[in-house]
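Undergrad: model this:
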Amino acid sequence: MGRHSLPDHYGAGASDPRPRARRRTTAVATVLVLTVAGGTAVAVRSGLLSFGSSCQDDAVRLRLAASPDIAPALTAAAERARHESVTSDGRCVTVSVTARDSYKVADTLAAGRKSDVQVWVADSDLWVDRITNDNAATEVTPAGAVASTPVGVAMVPEAAKAMGWPKKKYSWIELAGATLRDDALRLGAADPSRSATGLLALTRLTTAAAGLKGGDTQAAAMMKTLSQRTSDSDGQVLDTLPRNASGTEQGNPVRNQALILSEQAAYAYNTSADGGDGLDMFYPKDGSPQLDHPYAMVGQLTTDQSRAALRFMNYLRQPAQLRLLQKYGFRTSDEEAPEAVVAEAGGSSPQPYAEPAVQPATDEALQEALGAWTITVQSARLTTVVDASSSMSEPVPGTGGQSRMEVTKASLLQALATFTQEDEIGLWEFSTKLDGDKDYRVLVPTERLGDRNGGRTQRERLSAAFGALKPVANGATGLYDTTLAAYRAATSSYVKGRFNALVVLTDGVNQDPGSISRAELISELRKLADPERPVPLIMIAVGPDADKEEAAEIAAATGGSGQSVNNPSQIQSVMLKAIVAAGAQGGSTS
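TA: The predicted structure follows:
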């Protein structure tokens, strides 16, 4: 997935309760689970299914990839099922469990590669959603959820006591803010581009910050600080805790006193030999997202494999296995927070550990949080090229008569607020014959936002330039010549160690009869593109007159992506989504 890959949901019920149309497959699969379960129970009572040793001679063998947090519990359940000779259609069900990071499995499936497993239990269905929403990915069929665990902030006892634990309650913003104000309270997390725990918490932080005055700046500061203390995985982040209570270890600058963790991760740490004095858990008062551990079948399974996979899913829903999952620190009901699990995880009243999980974050919120993270972790160098042809004066339905240009400007200003002072941003406009024979004009050269020139910062110059954009009367769309010139400029001014990209927004197709052809443009872009100095082109087709297929074809020549929006107000979120996708494909280098 790389540094910038890409990927809070409800928990342990047999189906996903979110009212999303795309989750119909989950509901259908869940009904199938229950149908198979009911049929199995009748067959057992009637003696049609054998639980004797003879079934071992012709077992149905399944390979299951599980998130490392739940892999030990599923391994124990699989061993128990094998010991009990659990069957499907008279054949034993033999499940071998392998621990694999969810983002790695998601990467494999997203690439459309054939998987060596038949069942996948990720830690969050945000990974499964990523695959089911991608037509080019390997087919995945969700079949409900196995167990859940809420996400909060765990602290070493001394730090928790200083924060007033357990009586004092904090929001996500307040918990993160405390670590910014106090150098002795360092907050660590798993990389949100690789960890559902990290991404769900980051989304809660950015969503909360958006409602505050100056929240964008505060969110950027929090992300910048957090990015310096991230680990590759949820397991590795636990290794950043102090090894003992000594002053030397507690004061070690590489050690964290607080971690963004799931309840189950805190439980596992506190009950391990390495747990020491254990961790105390803060459950944010504005809600804890949940890891819901979805159970999904992978690829084209045979009928026997499908039925065996569903049989094992049903086996996990039996009371004995639910107790087993709780023994490993998981919750198995949306309505109940097991006191023993909470206590071992470091939770205590009056912390709101029994509150229902927060509503799942929208795909847009997740993408915006991850996009903002991507450009914050590694400073960006972006040149934005905006269509100023006369068609940009067309009104956008549902905006009270605002033009495409007016809505575009507002969205670009929103996007600008997500960048830090270290990022380098520039602005071009294009139509036809804007600067002599050139179809384009450089309005603000690409420079660092914090740099000051002529009494104004680069950010202030860009804000003014965005605000002054207006359609050119009778101007056509000089798309091809502009794209080539802008890409030449972007590749020639490449800066190592930054996320370099070119963003072109157009609401139409090329209308310059004297320009190069599309084939010539693509050929030239391919010659300029250098994998060692990547500059992905992000081309956004705006409105009904733009050609989204053409945008995708042109952008692909550089390793970038074509995007389309019906409403220019969507430009900000689409830009961030495209940045994440480009980063995931190696669109940055260090």
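
Undergrad: now Lys577: how far from Pro289?
TA: 20 Å (CB to CB, to the nearest Å). Any C-beta I mention is one placed from the backbone N, CA and C, and that applies to glycine too.

Undergrad: these two - which one has more neighbours?
TA: Legend: neighbour count by other CB atoms under 10 Å for Lys577 and Pro289, higher for Pro289 (28 against 22).

Undergrad: residues contacting that one?
TA: When the contact criterion is CB atoms under 8 Å, 6 or more residues apart in numbering, the partners of Pro289 are Asp8, His9, Pro150, Val151, Leu200, Ala201, Thr203, Arg204, Ala357, Val358, Pro360, Ala361.

Undergrad: quick check: the last one touching Leu200?
TA: Yes. Ala361 is in contact with Leu200 according to CB atoms under 8 Å; the separation is 6.9 Å.

Undergrad: in this structure Ala551 contacts Ile540, no?
TA: Yes. Checked against CB under 8 Å, the pair Ala551 and Ile540 is within contact range at 7.1 Å.

Undergrad: neighbours of Lys114, how many?
TA: When neighbours are counted by other CB under 10 Å, Lys114 registers 10.

Undergrad: give the contact list for it.
TA: Counting by CB under 8 Å, 6+ apart, Lys114 makes contact with Thr138, Gly299.

Undergrad: now swap in Ala388 and tell me
TA: Contacts of Ala388 were listed using CB under 8 Å, 6+ apart, and they are Met405, Glu429, Phe430, Ser431, Leu434, Leu469, Lys470, Pro471, Val472, Gly475.

Undergrad: and the residues you listed, which is closest to Thr302?
TA: For Thr302, the closest of the contacts of Ala388 turns out to be Phe430, at 55.3 Å, with distances computed as CB to CB.

Undergrad: mind checking how far the strand or helix carrying that closest one is from the chain centre?
TA: Under DSSP states H and E, the secondary-structure element containing Phe430 is strand 424-435. Here strand 424-435 shows a centroid-to-chain-centroid distance of 33 Å under the convention CA atoms, centre = their mean, to the nearest Å.

Undergrad: helices or strands up against it?
TA: The helices and strands touching strand 424-435, judged by 3 or more CB pairs under 8 Å, 6 or more residues apart in numbering; DSSP states H and E, are strand 380-387, strand 438-448, helix 458-468, helix 479-492.

Undergrad: which of the ones you listed sits most buried?
TA: strand 380-387 (a mean of 26; mean count of other CB atoms under 10 Å).

Undergrad: low-confidence ranges in the stretch 151-300 of the chain?
TA: Counting by pLDDT under 70, the stretch 151-300 of the chain contains low-confidence ranges at 214-217, 275.

Undergrad: would you map the helices across it?
TA: If DSSP state H, counting those that start in this stretch is used as the criterion, the helices of the stretch 151-300 of the chain fall at 157-162, 172-181, 196-210, 215-227, 234-238, 247-250, 263-270.

Undergrad: for Thr303, find the nearest of these.
TA: Distances from Thr303 to each of the helices of the stretch 151-300 of the chain were compared using CB to CB; the minimum, 31.9 Å, belongs to helix 196-210.

Undergrad: now do that closest one against helix 172-181, angle only.
TA: Per axes from the mean of the first three to the mean of the last three CA atoms, to 10 degrees, the angle that helix 196-210 makes with helix 172-181 is 90 degrees.

Undergrad: compute the inter-axis angle for helix 196-210 and helix 263-270.
TA: Between the axes of helix 196-210 and helix 263-270, defined by the same axes, to 10 degrees, the angle is 120 degrees.

Undergrad: list the buried residues in helix 196-210.
TA: Within helix 196-210, the residues that qualify as buried are 196-209, counting by 16 or more other CB atoms under 10 Å.

Undergrad: need those in CSV with distance to Glu394, can you?
TA: Rendered in CSV, the data for the buried residues of helix 196-210 read as follows (distance: CB to CB, whole Å):
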residue, distance to Glu394
Ala196, 41
Thr197, 44
Gly198, 41
Leu199, 37
Leu200, 39
Ala201, 41
Leu202, 37
Thr203, 34
Arg204, 38
Leu205, 38
Thr206, 32
Thr207, 32
Ala208, 36
Ala209, 34
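
Undergrad: circling back: let's have the helices and strands packed on strand 424-435 in TSV, adding mean pLDDT and distance to Asn133.
TA: Putting these into TSV (pLDDT from 0 to 100; distance: least, CB to CB, whole Å) gives the following:
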stretch	mean pLDDT	distance to Asn133
strand 380-387	94	26
strand 438-448	96	33
helix 458-468	95	32
helix 479-492	97	28
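
Undergrad: what sits against Ala59?
TA: Arg91, Cys92, Val93, Thr94.

Undergrad: what distance do you get for it to Arg91?
TA: Remark: distance between Ala59 and Arg91 (CB to CB) = 6 Å.

Undergrad: what do you get for Gly543?
TA: Distance, Gly543 to Arg91, using CB to CB: 57 Å.

Undergrad: what do you get for Val509?
TA: 59 Å.

Undergrad: could you do Asp280 as well?
TA: Look at Asp280 and Arg91: by CB to CB, they are 48 Å apart.

Undergrad: of the buried residues of helix 196-210, just say which sits nearest to Val342.
TA: Thr197 (17.6 Å).

Undergrad: from memory that closest one sits against Ala189, does it?
TA: Yes. If you go by CB under 8 Å, Thr197 and Ala189 touch, sitting 7.5 Å apart.

Undergrad: okay, and the common contacts of the two?
TA: With contacts taken as CB under 8 Å, 6+ apart, the residues that reach both Thr197 and Ala189 are Ile260.

Undergrad: looking at Asp280 and Arg91, which has the bigger crowd around it?
TA: Higher neighbour count among Asp280 and Arg91: Asp280, with 25 against 21, using other CB under 10 Å.

Undergrad: can you tell me how far the more buried one sits from Val503?
TA: Applying CB to CB, the value for Asp280 to Val503 is 45 Å.

Undergrad: based on its surroundings, how many neighbours for Glu532?
TA: Taking other CB under 10 Å as the criterion, the count of residues near Glu532 is 7.
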